[in-house]
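In: quick one, what's the 3D model for this:
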Amino acid sequence: MFRLFARIEQQYFKPGLSTGWIAALFMGLLLCGADAAAAARSIAVASLPPQARRVLGQIAHGGPWISPKDGIVFGNYERQLPRKPRGYYREYTVPTPGLRHRGARRIVCGGPVRLPDICYYSDDHYASFTAISR
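Out: Predicted coordinates for the structure are as follows:
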């Protein structure tokens, strides 16, 4: 990737500009596009794993939860989801069959607790999200 940025620098910028600066600029542009990428992908509720569908039902009923961490505020530190005020997003564990720990699957919902504006599914512990379409 460094070679790509060096080539871009040679072609389009004055010699002497830091390739690191150009790399940082492009990485910033890629990170800003993360919000759009999360919004562009979606999955129907019927296509979710059965455990995720069950968790969506629990969210609508206010529980019961399988983990004491379910329902806590999700900080969106990875900035994979659209930026909202702190406290907007909450996270919930989606059980993984065969695991005795929380695993990597989560549902993150934004808005009112029982009737969220939007929910996202992640099966890779927040590395990527897919909007759940209703």
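In: drop to CA atoms for contacts and neighbour counts, all remaining ones
Out: Noted.
In: give me the below-cutoff pLDDT ranges for the chain.
Out: Residues of the chain meeting the criterion pLDDT under 70: 1-40.
In: per the annotation, how does it divide into domains?
Out: Using automatic domain parsing, the domain ranges for the chain come out as 2-32, 42-133.
In: helices of the protein, start to end?
Out: Taking DSSP state H, the helices of the chain run over residues 2-12, 19-32, 34-40, 50-61.
In: still on that earlier bit, mind putting the domains of the chain into a markdown table with mean neighbour count?
Out: Supplementary listing: the domains of the chain in a markdown table, determined by neighbours: other C-alpha atoms under 10 Å:
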| stretch | mean neighbour count |
| --- | --- |
| domain 2-32 | 13 |
| domain 42-133 | 16 |
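In: quick one, what contacts I118?
Out: With contacts taken as C-alpha atoms under 8 Å, 6 or more residues apart in numbering, I118 has the following neighbours: C109, G110, G111, A131, I132.
In: now, which of those residues sits nearest A52?
Out: I132 (10.4 Å; C-alpha to C-alpha).
In: next up, the contacts around that closest one.
Out: With C-alpha under 8 Å, 6+ apart, I132 has these contacts: S42, I43, A44, V45, I118, C119, Y120, Y121.
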